[in-house]
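Trainee: structure here, sequence nowhere to be found:
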């Protein structure tokens, strides 16, 4: 007999054999137990998690002549016909190859006829989301009110593409991605039954590569058996997958923790000689950082996927902040790995970024060891007296302008801009203040001047808010007097305007004096649009 792939040979035939989808299998068993079968079921989930398999088991169970604990018996004529692929009342359709409305109409022409062998005629439509809009419309009415002897079982990896009118007429079950531990356990069981030698760490590696899909896991297990000449060993699996060994990643992580850039690059060079998959190496490094973080923060929840002694050592050697920083940079770097000139360059840049952004003062203190009293005392002694004397003796004095209330002395012009900034003025209130000059302050009044051209800014809420800001600034109930007169003093608004003009003129001169610009003028008879020149702030 021709060889049969493991994914087909070990496909579950009963609900009890299904791995990792107990929430679905239990619901279906209870429906069979209480005879509450819906006329349409929709199974969703990623590839290789058991959608079509569960649909076939359900189709077998509802037609089985002798259910055993509400599982198909596997012995009756119906079960044997199912297993041999000759059950006439199971109409299995691949919607990806029959998308046209004519195909759907042909399919539904025989719905009205009674089943030939079993109790129910079952329509199993795989990848149902591939049907066209007209095909869904043709299916809709039959799906809503099918004959009593018909059941619809739909499976899809993309339920978002299915019309809501179809979804509302189905019981939907979402199948979960499988954990690596579940895939690894099933692989070990199958290899034991097949009598094939294997190593547990090799299966753990294959289970991670399966990425939640049992079918993908068994397919790659077939490949590993062929590559290993009838055995599954860790080193051969590493070579087959292009994965670096755990020891290489341990050395790489130690170099990162020691902030040794040269050692990091040397280790990457050694890894490159083995032509590894650098994307997979980065994922392994991230998993190690995750285990280290768990060991530091929640030791009771740690599940050692890697060498426990090494993980514990790195958890004590690295600070939690460094672990989180490395992990975040690595996760973000995965997005950019495909954009790098080559995978090795991208991998090296991610590692160098970890070193570049690592704080210079990072001390790699274990999370369980708080800073000692002696360490704090040393830091205090390192502070120079020059730095500590002002901090210790500095009184809480009012702003500099507050001392002016002793006499109506006039403040320098440039202090008014500082006062405006200190008062945190906004909107029209700041516009009013910017167009005034500061003439002085005494016990009762603050004196400002404004030119006649800006007197329209006076009055209203702007002047009231300016008065309140000055009272808060001087911390006493002042009154405000604003004189309207021509003055030679520079207001903050005039200063800002002159500064802007000077910056604009400097930018224009820089463009006009640029050799490249002049060359373009001569070569192409070009001219500079002065209005388009803006100074860089």
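Mentor: Everything's here; your move. Just so it is clear, the model here is predicted, and its values are computed rather than measured.
Trainee: okay, how far is it across stretch 248-267, tip to tip?
Mentor: 7 Å (C-alpha to C-alpha, to the nearest Å).
Trainee: outline the domain layout of this protein.
Mentor: 6-174, 180-241, 246-356, 403-490, 496-532 (automatic domain parsing).
Trainee: now those domains as TSV including mean neighbour count?
Mentor: Any C-beta I mention is one placed from the backbone N, CA and C, and that applies to glycine too. Output for the domains of the chain, formatted as TSV (neighbours: other C-beta atoms under 10 Å):
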stretch	mean neighbour count
domain 6-174	17
domain 180-241	18
domain 246-356	17
domain 403-490	15
domain 496-532	11
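Trainee: would you single out the least confident of the ones you listed?
Mentor: Ranked by mean pLDDT, these bottom out at domain 403-490, with a mean of 82.
Trainee: now do stretch 203-222: everything it contacts.
Mentor: By C-beta atoms under 8 Å, 6 or more residues apart in numbering, the residues outside stretch 203-222 that reach it are 5-7, 10, 19-20, 46-50, 177-184, 186-188, 190-191, 224, 232, 234, 237-238, 241, 243, 280, 305.
Trainee: those residues in helices, which ones?
Mentor: 6-7, 180-184, 186-188, 190-191, 224, 234, 237-238, 241, 280 (DSSP state H).
Trainee: which residues does the helix or strand that contains residue 263 contact?
Mentor: According to DSSP states H and E, residue 263 maps onto helix 261-272. Contact with helix 261-272 is made by 244, 248, 251-252, 255-256, 278, 281, 344, 347-348, 351-352, 355, as judged by C-beta under 8 Å, 6+ apart.
Trainee: kindly recompute the last result at 6 Å.
Mentor: By C-beta atoms under 6 Å, 6 or more residues apart in numbering, the residues outside helix 261-272 that reach it are 244, 248, 251, 252, 255, 344, 348, 351, 355.
Trainee: so how far is residue 269 from the fourth one?
Mentor: Translated: residue 252. Residue 252 sits 11 Å away from residue 269, going by C-beta to C-beta, to the nearest Å.
Trainee: and what of the fifth one?
Mentor: In this structure, residue 255 and residue 269 are 12 Å apart, going by C-beta to C-beta.
Trainee: which stretches of the stretch 101-250 of the chain form strands?
Mentor: 121-126, 150-156, 171-174, 197-198, 231-232 (DSSP state E, counting those that start in this stretch).
Trainee: what of the stretch 401-537 of the chain?
Mentor: 436-441, 445-450, 479-484.
Trainee: could I get the full set of helices for the stretch 201-350 of the chain?
Mentor: With DSSP state H, counting those that start in this stretch as the criterion, the stretch 201-350 of the chain has helices at 214-227, 234-241, 246-257, 261-272, 278-297, 308-317, 320-336, 343-356.
Trainee: can you list the ones you listed in CSV and add distance to residue 473?
Mentor: Below are those laid out as CSV (distance: least, C-beta to C-beta, whole Å):
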stretch, distance to residue 473
helix 214-227, 71
helix 234-241, 71
helix 246-257, 53
helix 261-272, 53
helix 278-297, 49
helix 308-317, 54
helix 320-336, 42
helix 343-356, 45
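Trainee: out of these, flag the one nearest residue 89.
Mentor: helix 214-227 (26.1 Å; C-beta to C-beta).
Trainee: what angle do that closest one and helix 234-241 make?
Mentor: Inter-element angle recorded for helix 214-227 and helix 234-241: 110 degrees (by axes from the mean of the first three to the mean of the last three C-alpha atoms, to 10 degrees).
Trainee: picking up where we left off before, adding distance to residue 484, write the contacts of helix 261-272 out as TSV.
Mentor: Listed next are the contacts of helix 261-272 as TSV, based on distance: C-beta to C-beta, whole Å:
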residue	distance to residue 484
244	81
248	81
251	79
252	75
255	73
344	74
348	70
351	68
355	64
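Trainee: wait, doesn't residue 116 sit right on residue 88?
Mentor: Yes - between residue 116 and residue 88 there is a contact under C-beta atoms under 6 Å: 4.7 Å.
Trainee: find the nearest non-adjacent residue to residue 7, please.
Mentor: residue 218 (4.1 Å; C-beta to C-beta, 6 or more residues apart in numbering).
Trainee: skipping its backbone neighbours, what lies nearest residue 55 in space?
Mentor: Per C-beta to C-beta, 6+ apart, closest to residue 55 is residue 153, 4.1 Å.
Trainee: pretty sure the one you found is touching residue 125, no?
Mentor: No - in this structure residue 153 lies outside contact range of residue 125 using C-beta under 6 Å: 7.4 Å.
Trainee: of all the helices of the stretch 201-350 of the chain, which one comes closest to residue 73?
Mentor: Here helix 214-227 is closest among those (C-beta to C-beta), at 24.2 Å.
Trainee: now that closest one, how far from the centre of its chain.
Mentor: 30 Å (C-alpha atoms, centre = their mean, to the nearest Å).
Trainee: just stretch 136-153 next, same as before
Mentor: Worked out by C-alpha atoms, centre = their mean, stretch 136-153 lies 40 Å from the chain centre.
Trainee: and it, end to end?
Mentor: 14 Å.
Trainee: and the contacts of that stretch?
Mentor: 39-41, 55, 101, 104-105, 108, 111, 114-115, 120-124, 163, 165-166, 169.
Trainee: of those residues, which belong to helices?
Mentor: Going by DSSP H, the helices hold 55, 101, 104, 105, 108, 165, 166 from the contacts of stretch 136-153.
Trainee: for the last one, which non-adjacent residue is spatially closest?
Mentor: In this case it means residue 166. Closest to residue 166 by C-beta to C-beta, 6+ apart is residue 136, at 5.8 Å.
Trainee: how much space separates that neighbour from residue 478?
Mentor: Distance from residue 136 to residue 478, by C-beta to C-beta: 77 Å.
Trainee: roughly how far apart are the closest residue to residue 174 other than its chain neighbours and residue 531?
Mentor: Counting by C-beta to C-beta, 6+ apart, residue 44 is the residue found nearest to residue 174 once chain neighbours are left out, at 5.1 Å. Using C-beta to C-beta, residue 44 is found at 60 Å from residue 531.
Trainee: before we move on, what about residue 199?
Mentor: Taken as C-beta to C-beta, the span from residue 199 to residue 531 is 75 Å.
Trainee: and residue 97, by the same measure?
Mentor: From residue 97 to residue 531 the distance is 64 Å (C-beta to C-beta).
Trainee: which SS class is residue 91?
Mentor: strand (DSSP: H, G, I helix; E, B strand; the rest coil).
Trainee: ok, so what distance separates the nearest residue to it once chain neighbours are set aside from residue 154?
Mentor: Nearest residue to residue 91, sequence neighbours excluded (C-beta to C-beta, 6+ apart): residue 123, at 5.1 Å. Distance, residue 123 to residue 154, by C-beta to C-beta: 9 Å.
Trainee: what of residue 279?
Mentor: Residue 279 is 35 Å from residue 154, by C-beta to C-beta.
Trainee: for residue 455, give me its contacts.
Mentor: So residue 455 contacts residue 484 (C-beta under 6 Å, 6+ apart).
Trainee: so residue 170 sits right up against residue 39, yeah?
Mentor: No - Residue 170 is not in contact with residue 39 according to C-beta under 6 Å; the separation is 8.9 Å.
Trainee: what about residue 96, which SS state?
Mentor: Residue 96 ends up coil, using three-state DSSP.
Trainee: quick check, it in contact with residue 127.
Mentor: Yes - counting by C-beta under 6 Å, residue 127 is a contact partner of residue 96 at 4.7 Å.
Trainee: dump the strands of the stretch 101-250 of the chain into a markdown table; add distance to residue 66 as well.
Mentor: Listed next are the strands of the stretch 101-250 of the chain as a markdown table, based on distance: least, C-beta to C-beta, whole Å:
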| stretch | distance to residue 66 |
| --- | --- |
| strand 121-126 | 18 |
| strand 150-156 | 19 |
| strand 171-174 | 26 |
| strand 197-198 | 37 |
| strand 231-232 | 38 |
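Trainee: cool, thanks, talk later.
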